[in-house]
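In: Fold the stuff below for me.
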Amino acid sequence: MFVSDPLHNGTNEICRKNGIPIIGYSPLGRGFLTGNIKSKADIDKGSILNWFGRFKDDETIKANFAVVELVTEYAKAKGVTNSQIALAWVRKHNQFPEKYARILPIPSSSNPKRNHENNTIVELTDIEFDAINEKLSKMKFVGTRYGEQDEQFLNV
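Out: This next block holds a predicted model:
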């Protein structure tokens, strides 16, 4: 949800036509979509997130927070976690093979509770999926996905 470029930059179409799955790396937006990162103070000093443009300062985090609010809205309505909504959104694409390549989300955690949470399937209705996509299409995210020097290697 925080990075949906592959759905719109031609990657999805090529992968769909050729039966190649897309690996949904960091489908929780490096933890951002969980709602646990509200300011720079929520990021450990030694975290790699400090190198990424989308986490560079409080203003950038605040500018991007609308996506977290969107996820939180649906999580509260369904009585599930933000992580489960974000992963449900990724998985929902797989119900439309005529439009999307298969997407395999790979959330990571060394915490058994989080692994269980991330692997508990939550379903979005078609209406919920469409509404989320409509709202996401209007969001513009601030900051680079990685460090500025690394951005040149994305979308090549």
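In: Which of the helices or strands spans the residue lying closest to residue 33 once chain neighbours are set aside?
Out: The shortest distance from residue 33 to any non-neighbouring residue, by CB to CB, 6 or more residues apart in numbering, is to residue 86 (4.4 Å). All C-beta spots, glycine's among them, are computed from the backbone N, C-alpha and C. Per DSSP states H and E: residue 86 is located in helix 82-92.
In: Can you give the strand pairings for the helix or strand following that helix, parallel or anti for each?
Out: Later in the chain than helix 82-92, the nearest helix or strand by DSSP H and E is strand 103-106. Sheet pairing of strand 103-106 (DSSP bridges) gives strand 22-25 (parallel).
In: how near is the residue of the chain most remote from its centre to residue 4?
Out: Relative to the C-alpha centroid of the chain, counting by CA atoms, centre = their mean, residue 18 is the outermost residue, at 24.0 Å. Between residue 18 and residue 4 the computed distance is 20 Å (CB to CB, to the nearest Å).
In: from the chain's centre, how far out does stretch 49-69 sit?
Out: 13 Å (CA atoms, centre = their mean, to the nearest Å).
In: Identify each buried residue in it, please.
Out: 49, 52, 53, 54, 55, 56, 60, 61, 64, 65, 67, 68 (16 or more other CB atoms under 10 Å).
In: and the end-to-end length of that stretch?
Out: Taking CA to CA, to the nearest Å as the measure, stretch 49-69 stretches 20 Å from start to finish.
In: on that earlier part again, spell out which residues sit in contact with the residue nearest to residue 33, please.
Out: By CB atoms under 8 Å, 6 or more residues apart in numbering, the residues touching residue 86 are 1, 27, 28, 29, 33, 71.
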